[in-house]
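> Below are the sequence and a predicted model for it; my questions follow.
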Amino acid sequence: MAVPINLLNNSEPSSDEDFSDSELSLTSEDESSEITSAGGETETNHGEGDEFWVRYPYLKIVIDTIVAQGVVPKDYAYERAKLLGDDEAKKLNQEGNALFLMEIEFCKKKIELISSVISKMLSGK
């Protein structure tokens, strides 16, 4: 059974005004950038790693899925993926892209079927 997030949080519910003070700033220095949140936490992103994921976005989606399912730890998955080399990463990225297109086609067919079923139910046939 799903539990609403606000029941899991012991603090008072927040309003939109609480979020108006939040800000996200991005400053670039040479090949790295820093992302600073309103809480003062800073995360450094190195240009080389980011460039890899820009070149292979579908591979990143696959890695994100693997990490989200708990199959492989996050740091290990991303570091190992970067060690694949350009040829292997390009091949896996293309396979990820093909899978993504198949998933879109599947969703399209599913929606068309649902639409057809609803239309037939409403027409009484």
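On my side now, so go ahead.

> Enumerate every residue touching Leu59.
Neighbour list for Leu59: Trp53, Ala81, Ala89, Leu92, Asn93, Gly96 [criterion: CB atoms under 8 Å, 6 or more residues apart in numbering]. The C-beta positions use only the backbone N, C-alpha and C, and glycine is treated the same way.

> Quick one: low-confidence residue ranges for the chain.
Along the chain, segments meeting pLDDT under 70 span 1-49, 125.

> Closest to Val62 out of the contacts of Leu59?
Gly96 (4.8 Å; CB to CB).

> From the contacts of Leu59, list the buried ones, please.
For the contacts of Leu59, a neighbour count by 16 or more other CB atoms under 10 Å gives the buried set as Trp53, Ala81, Ala89, Leu92, Asn93, Gly96.

> Distance to Lys108 added to these, as TSV?
Shown next, in TSV, are the buried ones among the contacts of Leu59 (distance: CB to CB, whole Å):
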residue	distance to Lys108
Trp53	27
Ala81	30
Ala89	29
Leu92	25
Asn93	23
Gly96	19
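
> Can you lay out these as CSV showing secondary structure and distance to Ser116?
What follows is those, written out as CSV (DSSP: H, G, I helix; E, B strand; the rest coil; distance: CB to CB, whole Å):
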residue, secondary structure, distance to Ser116
Trp53, helix, 39
Ala81, helix, 41
Ala89, helix, 41
Leu92, helix, 36
Asn93, helix, 35
Gly96, helix, 31
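
> What about Leu84? Give its phi and psi, please.
When read as degrees, to the nearest 10, the backbone of Leu84 gives phi -60, psi -30.

> so who does it touch?
Applying CB under 8 Å, 6+ apart, the residues contacting Leu84 are Leu92.

> Helices of the protein, residue ranges please.
Per DSSP state H, the chain carries helices over the ranges 5-8, 16-20, 47-55, 57-68, 74-82, 86-123.

> so what are the domain limits for this protein?
23-47, 56-125 (automatic domain parsing).

> Please identify the most buried of those.
Most buried of the domains of the chain, by mean neighbour count (mean count of other CB atoms under 10 Å): domain 56-125, with a mean of 12.

> Thanks again, I'm all set now.
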